[in-house]
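**Q** model this:
(3 chains)
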Amino acid sequence: MNSDTQLDFAVDFAGRVVNWQQQHGRHDLPWQKNRDRYRVWVSEIMLQQTQVGTVIPYFERFMARFPRVADLAAASSDEVLAHWAGLGYYARARNLHKAAKQVVQEWAAEMPAEQEALLALPGIGRSTAAAILSLTDGVCLPILDGNVKRVFARHAAIAEWTGALKTQKQLWALAEARMPADDARAYNQGLMDLGSQVCRRSKPLCEQCPVAGDCKARELGLTAQLPSPKPKKVLPQKSAAFLLLLNSDQELLLQRRPSAGIWGGLWCLPQYDDKAELKNALRHQYQNLAEPQPLAPLQHVFSHYKLSLEPYQLSLGRNSKMLTIAEQNERWVPFAALADYGLPAPILKLLNREFAALDLA
DNA sequence: CAACCGTGGCA
DNA sequence: TTGCCAAGGTT
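**A** Okay, the predicted model is just below:
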């Protein structure tokens, strides 16, 4: 227990968080420099369900290529997705791109400063809108991300899983009640910093916490038990066949995936339900009766199912008929150019495994 | 309203 | 190695 904590005990919850943030919080994250609504927006979207350390290099590359919202709006969706490849949740990138175009059209390329206007943009919900406005302009709006939920679940000893709708409502009410009239930026940033640095999921540093003095979980000895884990369910195991089709120029066939569903809008190996469907496509789409060579399967786990990727390789001979491919959604891609395409992480892993000498990405 | 949407860090 | 889950939003 340090002296700051003792002194601060007389101050209200928000005041203690603000004081702590100013002394011990984070002030040098990339999106805290040259702070504006566009930069903070991009960071907030990238940080959704994604850790800070993972986001930083993506953010730097993204901002170097798309420094202003107009640059993003003017870019092709392929290029935007390529800058997102590897981050996951690709609807975030598609929504970000669509919203950037809206900002250019409807707001003269200036990110609006009203929460209502931000909420009308795809991909921005209540917490993200509040984060953008409070962290840039100091607007007093509460946020509720994973960090804040954990801090509140412990400080108020909320036992129910924070993902339950009922609990979310309760947490929003608490967030509103505790929102101070001033210092919104330091307060909201402080709650997030507290959650990530002190009120951590495991091994929380309660002796460094400015609000430990009236923390209910600490009082009840429940800190390690809260927040309650998500009720677990068994992930369904699925499998899919992937075609590695090479032409005589050593180019690989890629297909653009539909925008809905997993890996929406990304370029990928042609995917089929199973080997039979793959051979069917080889026969009818690609006029080839040769037997594709099965390669070792690759296991991948998503948030809601497990997928066994079953790759099949086929090299077309010099005499093979020139294939007619759908220009919009299919392409022959030289290995050297694969890095320019936003390939899903497990596909990239698969290609690296099979063609290690190429050293992709 | 619960399912869906990716990937990597970490214990 | 395995499982949990992170600066959530959309449908």
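
**Q** chain neighbours aside, what residue packs nearest to the residue of chain A found nearest DNA strand B?
**A** Using C-beta to the nearest atom of the strand, the closest approach of chain A to DNA strand B is made by residue A:88 at 2.5 Å. Where you see a C-beta, it was placed from the backbone N, CA and C, and this is true even at glycine. Nearest residue to residue A:88, sequence neighbours excluded (C-beta to C-beta, 6 or more residues apart in numbering): residue A:50, at 7.1 Å.

**Q** equivalent analysis for residue A:59, please.
**A** That would be residue A:30: by C-beta to C-beta, 6+ apart, it lies 5.4 Å from residue A:59.

**Q** surely that neighbour and residue A:56 touch.
**A** Yes: counting by C-beta atoms under 8 Å, residue A:30 does reach residue A:56; the two are 6.0 Å apart.

**Q** so which bits of the stretch 51-200 of chain A are right by DNA strand C?
**A** A:51-52, A:89, A:91, A:95, A:122-129, A:131, A:145-147, A:150, A:189, A:192-193, A:195-196 (C-beta under 7 Å from any atom of the strand).

**Q** can I have the buried ones of the residues you listed as a ChimeraX selection?
**A** The following ChimeraX line selects those of these that are buried, judged by 16 or more other C-beta atoms under 10 Å:
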select /A:52,89,95,123,124,126,127,128,129,131,145,146,147,150,189,192,193,195,196
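
**Q** just the residues of the stretch 51-200 of chain A next to DNA strand C: which are in helices?
**A** A:52, A:91, A:95, A:126-129, A:131, A:146-147, A:150, A:189, A:192-193 (DSSP state H).

**Q** phi, psi for the residue nearest to residue A:59 please.
**A** When read as degrees, to the nearest 10, the backbone of residue A:30 gives phi -50, psi -40.

**Q** for residue A:332, what is the enclosing helix or strand?
**A** Under the criterion of DSSP states H and E, residue A:332 resides in strand A:330-334.

**Q** and what of residue A:81?
**A** helix A:77-84.

**Q** is any part of stretch A:248-256 close to DNA strand B?
**A** No: Stretch A:248-256 stays clear of DNA strand B (C-beta under 7 Å from any atom of the strand), getting no nearer than 13.7 Å.

**Q** report the buried residues of that stretch.
**A** Buried residues in stretch A:248-256 (16+ other C-beta under 10 Å): A:251, A:252, A:253, A:254, A:255, A:256.

**Q** closest to residue A:101 out of the residues you listed?
**A** Closest approach to residue A:101 among the buried residues of stretch A:248-256 (C-beta to C-beta): residue A:256, at 19.8 Å.

**Q** now do the helices in the stretch 151-300 of chain A.
**A** Remark: helices assigned in the stretch 151-300 of chain A by DSSP state H, counting those that start in this stretch are A:165-178, A:184-193, A:216-220, A:275-284.

**Q** cool, and the stretch 1-150 of chain A?
**A** A:3-8, A:13-24, A:37-46, A:52-65, A:69-74, A:77-84, A:91-107, A:115-119, A:126-137, A:146-155.

**Q** okay, these in CSV with mean pLDDT and distance to DNA strand B next?
**A** Below are the helices of the stretch 1-150 of chain A laid out as CSV (pLDDT from 0 to 100; distance: least, C-beta to the nearest atom of the strand, whole Å):
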stretch, mean pLDDT, distance to DNA strand B
helix A:3-8, 44, 24
helix A:13-24, 97, 19
helix A:37-46, 98, 9
helix A:52-65, 97, 5
helix A:69-74, 98, 18
helix A:77-84, 96, 9
helix A:91-107, 97, 6
helix A:115-119, 96, 16
helix A:126-137, 97, 13
helix A:146-155, 96, 11
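
**Q** of these, which approaches residue A:336 most closely?
**A** helix A:77-84 (15.0 Å).

**Q** what's the angle from that closest one to helix A:52-65?
**A** 140 degrees (axes from the mean of the first three to the mean of the last three C-alpha atoms, to 10 degrees).

**Q** DNA strand B contacts on the stretch 151-300 of chain A?
**A** So the stretch 151-300 of chain A meets DNA strand B at A:164, A:165, A:202, A:203, A:261, A:262, A:263, A:264, A:300 (C-beta under 7 Å from any atom of the strand).

**Q** in strands only, show me the buried residues of stretch A:248-256.
**A** A:251, A:252, A:253, A:254, A:255, A:256 (DSSP state E).

**Q** spatially, what comes nearest to residue A:269 if we skip its sequence neighbours?
**A** Using C-beta to C-beta, 6+ apart, the closest residue to residue A:269 is residue A:242 (4.4 Å).

**Q** just grab the bridge partners of that neighbour for me.
**A** Note on residue A:242: beta-bridge partners by DSSP bridges are residue A:271, residue A:311.

**Q** wait, it sits on residue A:310?
**A** Yes: under the criterion of C-beta under 8 Å, residue A:242 makes contact with residue A:310 at 6.8 Å.

**Q** which one's more surrounded, these two?
**A** Neighbour totals were compared for residue A:242 and residue A:310, and residue A:242 leads with 21 against 18 (other C-beta atoms under 10 Å).
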